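K.L.:
I'll drop the sequence and a predicted model, then ask my questions.
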Amino acid sequence: SGSAAVEVSVTRETGAVVLHGKRLRVSGAAVGAREVRVLEQPSLEQLALLVTPPLRAGHNYTLTFQYLANLSESFHGFYKSTYRTRDGELRVLAATQFEPTAARMAFPCFDEPAFKARFSIRIRREPRHLALSNMPIVKSVNITPWLVEDHFDTTVRMSTYLVAFIISDFESISKVTSHGVKISVYTVPDKISQAGYALDAAAKLLDFYEDYFGIPYPLPKQDLAAIPDFQSGAMENWGLTTYRESMLLWDPEKSSASSKLWITIIIAHELAHQWFGNLVTMEWWNDLWLNEGFANFMEFVSVSITFPELRVEDHFLRICFDAMAVDALNSSHPVSTPVEDPAQILEMFDNVSYQKGSCLLNMLREYLTADVFKAGLVHYLQKYSYRNTRNEDLWHSMTNASICPSVGDDKNEQLGDGFCRRGPQSSSNAHWTEGVTLDVKAMMDTWTLQKGFPLVTVTVRGKNIHLQQERYLKGVDSASPSGYLWHIPLTYVTSKSDTMQRFLMKTKADVIILPEEVEWVKFNVDMSGYYIVHYEGDGWDHLINLLKENHTVMSSNDRASLINNIFQLVRIKKVSISKAFDLTLYLKHEREIMPVHQGLSELISVYRLIERRGVDSTEKQLKEYIVHLFRDLIDSQSWSDEGSVSERFLRNSLLLFACVHGYQPCVEKAQGYFTEWQKSNGSLSLPADVKITVYAVGAQVPEGWDFLLSKYQLPSFSVERNNIEFALSLRGSKEKLQWLMDQGLRGDIVRTQDLPHIMMYVARNPSGYHLAWMFLKENWEKLVEKFELGSSLISSIVTHVTSWYSTRSQLAQVKEFFGSLEEKSARLRCVQQAIETIEDNIQWMDQNLEEVKAWLQNKQL
């Protein structure tokens, strides 16, 4: 039960006040001392107070509510979570997840980001529990011997979605940052020993951000809480960030290098939000990317400086490739796009807002230079602190404040219009815009207000490089749509000069004249631009030869981007699949994580399509080809936790690939480890980075599968749960796979928060993908009830379960099922993405299957 008091100032006379409430049973409401009538409109999640006589303009009033509600059974609002102690006792806690539109499930409020307010919170609890909220407790009052009331300090001005509270029996560890902020990590008592790494990382990262932004963190404390049931990865509530346990807790004995990397990145993301999102908030959800794109980008900036040994930059390209995969479909949306209802708002939490947003910021930083970009950010944060912003506010900060970071410097002159032209002396860094007004808004509007991304076609004729841009679009009718034009900050190197050259392309076609003829040219240096490149004529042949003869002439990011780009060009028939496969031959000599990962990723995607079609001979030959390419690298891996984080990350991927695809030396080694581990009843300590591989091989036989399941249920194996889920879902009979998904829905043995991942893993299993689709169809209503229509988890389930479909009958089934649902489900963007992807897969198979067969037969290994 609760009571809420909201102070409002009235700007215009009104007889009604409308605000948000969802599933609240309001028992009474008043304005000042007057009792008022309350109307409810459940479909709009709104409450109305009818006031007579009307409220007068220019006056302040206090609206008060008395209400009751149930703790939510889903993962949003004020919800119930449970866990078992080591002794098997079931304990209950309550936590909140309000973003984007669920604060209204906990208290009546103006639940939109622009209605910023200060919040004073009081919570009554039993003495055995402790309550946490955004601010520290200022006093606790004993109401009765069995009831304590905690009074929390008043917050700063902030949006409703950032309010948070937790009532639990968690334990904590704490330390104070060098700037004097108290950091604490809260977790269930049995896991407090796994909280140390997060505590140290959070302290280091919060210090970094305070120094980088030059704006002090405004609260006295920052708590990080690991919640046993949590839908997303984490949430940036101001002063009380919340996390899935696997995204915060790290066990030095059992956790892998990759989990350390992701935990660090996620903490960095949530702490970046304390400035981007919390201090300065988007005015409405259409500009969500101002929160999420920034937090995603700042993860990489902060972690690369504070934890250089994690080599986080090795993973940045991957997120841009992931964003492009979605952005290449017609069902994509501009980074900034209109949204109205809660389901549409939830759909904004996707690869475009997060990943594309951060890739665009990276491109802008490269374009403006790091110093200028940082000056613009600081100006933006300082100017709009405790306020709300739109897209254009950021661009104005970037243009006005930062293009002349040193006003009065004789090299730059500030013009009356607030723009800055670089003077003649400042051209030493061979920048883009000598003597030209830099208009960040005009450039960035082309990237944020239209969907998709450009394909730049490069044709070399003597000293002239002819350039053309068009929208890259996958799909059946992929004649490039007209009317799309970007301002593209092109970069390039050539066979004659490894000095990066720059050129801002603002037109459909252009020409660059080189000082001399060159053998090859590579555009989009290090893939820092959000575009892909096609080399007309013999351009690709020169690059393929270069990789074959001396691949290290190019950076590893450049090699990864060539691999990615050529396979994307196959999809739109610009390049043959044979040429793409010719390029992959050089991978036999590749040793760097990014290109190896990209090569594996592109080839496994082709393999999955062929595997699903049951083209046995081609499937076998392709698998042998992929193993052949990476055999030397696989054979050289030690089954240990030695090496840098990137080396360990690569070991994890390579051994898992090799063992799952039946490479015998790998399988035998993993079987040996599994047998030893099973004999020790799970007490043998396996190297953290090879565990997932050992489990996946062990789960191939029924006894191994059952043994893993028995360990999965033990509290001492909680760190291993994700690895074991992966192994159980990838292997096992149809009955076992079905049982796993059913359990995920029940939530006893398998937590419901893990069900989406289990469904995705089962869908990757050749004998399970049909089961995953049937499960989705039969349980659609329950899935939506648990995870919410429009959420990123619903979207991931829909797209992953169908991602390797490539037949017309599968397409018809998917269309028929979603067409039969009510309109809100049928209209989901993920449904359109799934349908387009299947259409694209059908076209790919029709176009390329025979050619892949022929290529593999010619390359008798």
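P.N.:
That came through, no problem. Nothing here was measured: the structure is a model prediction, and the numbers come from that model.

K.L.:
Ser791 against Met348, yeah?
P.N.:
No. Ser791 is beyond contact range of Met348, at 10.9 Å (criterion: Cβ atoms under 8 Å). Yep, even glycine has a C-beta here, placed from its N, CA and C like the rest.

K.L.:
intersection of neighbour lists for these two?
P.N.:
With contacts taken as Cβ atoms under 8 Å, 6 or more residues apart in numbering, Ser791 and Met348 have no neighbour in common.

K.L.:
and Asp541, how many neighbours?
P.N.:
Neighbour count for Asp541, taken as other Cβ atoms under 10 Å: 14.

K.L.:
Find the helix or strand that it is a member of.
P.N.:
In this assignment (DSSP states H and E), Asp541 forms part of helix 539-550.

K.L.:
Go through that helix and flag the buried ones.
P.N.:
Buried residues in helix 539-550, defined by neighbour count with 16 or more other Cβ atoms under 10 Å: 539-540, 542-544, 546-547.

K.L.:
a markdown table for the residues you listed, including pLDDT and distance to Tyr586?
P.N.:
Below are the buried residues of helix 539-550 laid out as a markdown table (pLDDT from 0 to 100; distance: Cβ to Cβ, whole Å):
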| residue | pLDDT | distance to Tyr586 |
| --- | --- | --- |
| Gly539 | 95 | 17 |
| Trp540 | 97 | 13 |
| His542 | 97 | 13 |
| Leu543 | 97 | 10 |
| Ile544 | 97 | 8 |
| Leu546 | 96 | 9 |
| Leu547 | 97 | 4 |
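
K.L.:
export the residues you listed to a markdown table and tack on distance to His487?
P.N.:
Formatted as a markdown table, these follow (distance: Cβ to Cβ, whole Å):
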| residue | distance to His487 |
| --- | --- |
| Gly539 | 24 |
| Trp540 | 26 |
| His542 | 28 |
| Leu543 | 26 |
| Ile544 | 31 |
| Leu546 | 30 |
| Leu547 | 31 |
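
K.L.:
which one of those is nearest Glu245?
P.N.:
Leu547 (43.0 Å; Cβ to Cβ).

K.L.:
got a list of what the closest one touches?
P.N.:
554, 559, 562, 583, 586.

K.L.:
okay but the last one is in contact with His551, surely?
P.N.:
Yes. Here Tyr586 lies in contact with His551, judged by Cβ under 8 Å, at a distance of 5.5 Å.

K.L.:
In terms of neighbours, single out the busier of the two.
P.N.:
Comparing Tyr586 with His551 by other Cβ under 10 Å, the one with more neighbours is Tyr586, at 22 against 19.

K.L.:
Please list all residues in contact with the more buried one.
P.N.:
544, 547-548, 551.

K.L.:
Could you do Ala29 as well?
P.N.:
35-36, 38, 49, 63-66.

K.L.:
Out of those, which end up buried?
P.N.:
For the contacts of Ala29, buried by 16+ other Cβ under 10 Å: 36, 38, 49, 63-65.

K.L.:
mind giving me CSV with those and columns for distance to Ser640 and pLDDT?
P.N.:
What follows is these, written out as CSV (distance: Cβ to Cβ, whole Å; pLDDT from 0 to 100):
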residue, distance to Ser640, pLDDT
Val36, 70, 95
Val38, 65, 96
Leu49, 66, 96
Leu63, 63, 97
Thr64, 63, 97
Phe65, 60, 98
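
K.L.:
Check the residue positioned nearest the centre of the chain and give its pLDDT.
P.N.:
Residue closest to the mean C-alpha point of the chain, counted by Cα atoms, centre = their mean, is Tyr354 at 5.7 Å. Looking at Tyr354, its pLDDT is 91.

K.L.:
tell me the contacts of it?
P.N.:
By Cβ under 8 Å, 6+ apart, the residues touching Tyr354 are 289, 292-293, 296, 319, 323.

K.L.:
okay if I get the residues you listed as TSV plus pLDDT and distance to Thr281?
P.N.:
Formatted as TSV, the contacts of Tyr354 follow (pLDDT from 0 to 100; distance: Cβ to Cβ, whole Å):
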residue	pLDDT	distance to Thr281
Trp289	93	13
Glu292	94	12
Gly293	94	14
Asn296	95	16
Ile319	93	23
Ala323	95	23
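
K.L.:
Can you tell me which of those are classed as buried?
P.N.:
Taking 16+ other Cβ under 10 Å as the criterion, what is buried in the contacts of Tyr354 is 289, 292-293, 296, 319, 323.

K.L.:
that older thread, between the contacts of Ala29, which is nearest Gln598?
P.N.:
Minimum distance to Gln598 across the contacts of Ala29 is 54.8 Å, recorded for Phe65 (Cβ to Cβ).

K.L.:
Pretty sure that closest one sits against Pro108.
P.N.:
Yes. Phe65 sits in contact with Pro108 when judged by Cβ under 8 Å, with a separation of 4.8 Å.

K.L.:
shared neighbours, the two?
P.N.:
Taking Cβ under 8 Å, 6+ apart as the criterion, Phe65 and Pro108 both touch 4, 6, 26.

K.L.:
Could you give the number of residues near Gly180?
P.N.:
Gly180, neighbours per other Cβ under 10 Å, totals 10.

K.L.:
so it, which of the three states?
P.N.:
Secondary structure, DSSP: H, G, I helix; E, B strand; the rest coil: Gly180 is coil.

K.L.:
Distance of it relative to Ser72?
P.N.:
From Gly180 across to Ser72, the span is 36 Å (Cβ to Cβ, to the nearest Å).

K.L.:
Ok, Leu811 next?
P.N.:
Taken as Cβ to Cβ, the span from Leu811 to Ser72 is 37 Å.

K.L.:
now Glu668
P.N.:
Look at Glu668 and Ser72: by Cβ to Cβ, they are 49 Å apart.

K.L.:
So which of those two has more stuff around it?
P.N.:
Taking other Cβ under 10 Å, Glu668 and Ser72 do not tie; Ser72 has more neighbours (19 against 12).

K.L.:
Name the nearest residue to that one, ignoring sequence neighbours.
P.N.:
Nearest residue to Ser72, sequence neighbours excluded (Cβ to Cβ, 6 or more residues apart in numbering): Tyr79, at 3.9 Å.

K.L.:
what does Thr11 give?
P.N.:
Closest to Thr11 by Cβ to Cβ, 6+ apart is Ala57, at 6.2 Å.

K.L.:
I figured the one you found was touching Val8, is that so?
P.N.:
No. Ala57 lies out of contact with Val8 (Cβ under 8 Å); the separation is 12.0 Å.

K.L.:
And those two? Which one has more around it.
P.N.:
Each of Ala57 and Val8 has its neighbours counted (other Cβ under 10 Å); Val8 has more, 17 against 11.

K.L.:
you'd agree that one is up against Leu63?
P.N.:
Yes. Val8 is within contact range of Leu63, at 6.3 Å (criterion: Cβ under 8 Å).

K.L.:
residues shared between the contacts of the two?
P.N.:
Counting by Cβ under 8 Å, 6+ apart, the shared contacts of Val8 and Leu63 are Val17.

K.L.:
Which helix or strand contains Phe657?
P.N.:
Element membership for Phe657 (DSSP H and E) is helix 645-660.

K.L.:
Quick check: buried residues in the helix or strand just after that helix?
P.N.:
With elements assigned by DSSP H and E, the helix or strand that comes after helix 645-660 is helix 664-679. Buried residues in helix 664-679, counted by 16+ other Cβ under 10 Å: 666-667, 669-671, 673-674, 677-678.

K.L.:
packing partners for helix 664-679?
P.N.:
helix 645-660, helix 691-698, helix 702-712 (3 or more Cβ pairs under 8 Å, 6 or more residues apart in numbering; DSSP states H and E).

K.L.:
what angle separates the second one from helix 702-712?
P.N.:
Comparing the axes of helix 691-698 and helix 702-712 via axes from the mean of the first three to the mean of the last three Cα atoms, to 10 degrees yields an angle of 140 degrees.

K.L.:
For helix 691-698, which outside residues touch it?
P.N.:
With Cβ under 8 Å, 6+ apart, helix 691-698 has contacts from 256, 652, 655-656, 659-660, 666-667, 670-671, 673-674, 677-678, 686, 704-705, 707-708, 720, 723-724, 726-727, 730-731.

K.L.:
Please state the offset of it from the chain centre?
P.N.:
From the chain centre to the centre of helix 691-698 is a distance of 26 Å (Cα atoms, centre = their mean, to the nearest Å).
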